[in-house]
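J.: after the sequence you'll find the predicted model.
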Amino acid sequence: MTEQLHMASFEGTYTRQFSAMVEAVHPGIVELDRTAFYPFGGGQPADQGKLQWEGGTARVEDVRKRNRLRHMVAGDLPEVGATVEGSIDWDRRYAHMKMHTSQHLVSAVVDQLHGARTVGNQLYADKARIDFQPLRLSPAQLSEVEAEANRYLAKDLPVTITEADRSELEQDPLVRSNLSLLPPSIRRLRVISIGNLDICPCAGTHVRSLGEIGEIEFTKRDNKGSGKQRLTYTLRDPTP
């Protein structure tokens, strides 16, 4: 099984370059013993970048995880057992980190103010969208959510990575996730916490603190039927 460097600590999350050994090679696919590349999932796009080794180089165009984590590459293919140097497109990765943490924040604020649950989300480098249910925010209420989220961003709350037993999370009222949707076999979960505001099981990449994000600006709200509302936002530099 490939070791995913971002999972255990922020040191791994902020890793831009790494060394790894090639465990398997298929047409257009490389499997490594360890990686800093994030695989598509949880509404977050996969990382991109490149792999280099003596005598070859390949672009990493996508990363997918099913039973195994696979780097989808274009270019040369290394041999099994070779040592490769991986480098991530950091601007893309860091944008996704900020978007993912901001999504947790917005979801927490909407849950706190309006009792609506997050039922879907999709992140990009320049925007994010979140589906809530039940929710029907007016323009004034959306402005209130934006102001509250930016108030927390200005506080620069810390973000932490921990692990917890499923039974422990099921008893914590701060946990913002429907754990019943997870297979019963999953007993230990990676948890992302924002200060004392939010606790959410998550395997994604996140920033160390809210101060890295900037400010949130909502750009669109769409009613999707069945009591769902989709909120779209972007990030901007903090107001001086």
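T.: Received, thanks.
J.: is it correct that P201 is in contact with D172?
T.: No: using CB atoms under 8 Å, P201 is not in contact with D172, being 10.9 Å away. Placement of C-beta: from N, CA and C, glycine included.
J.: the more surrounded of these two?
T.: P201 (18 against 11; other CB atoms under 10 Å).
J.: with adjacent residues omitted, what lies nearest to the more buried one?
T.: Leaving aside its sequence neighbours, P201 sits nearest to L189 (CB to CB, 6 or more residues apart in numbering; 4.3 Å).
J.: so which elements touch the helix or strand where that neighbour lies?
T.: With secondary structure defined by DSSP states H and E, L189 is part of strand 188-194. Applying 3 or more CB pairs under 8 Å, 6 or more residues apart in numbering; DSSP states H and E, one finds that strand 188-194 contacts helix 90-114, strand 159-165, helix 166-170, strand 198-201.
J.: which one of these has the lowest average pLDDT?
T.: Least confidently modelled of those is helix 166-170, at a mean of 85 by mean pLDDT.
J.: contacting residues around the host helix or strand of A147?
T.: Per DSSP H and E, A147 falls inside helix 139-155. Residues outside helix 139-155 that contact it (CB atoms under 8 Å, 6 or more residues apart in numbering) are 102, 105-106, 109-110, 112-114, 137, 194-195, 197, 210-211, 213-218, 221, 231, 233, 238.
J.: before we move on, back to that, quick one: closest of the helices and strands packed on strand 188-194 to G227.
T.: Closest to G227 of the helices and strands packed on strand 188-194 is helix 90-114 (CB to CB; 11.8 Å).
J.: and the residue at minimal distance from the centre of the chain, what is it in contact with?
T.: By CA atoms, centre = their mean, the chain has its centre lying nearest to G204, at 3.3 Å. G204 makes contacts with 38, 41-42, 44, 100, 192, as judged by CB under 8 Å, 6+ apart.
J.: thank you kindly, that will do.
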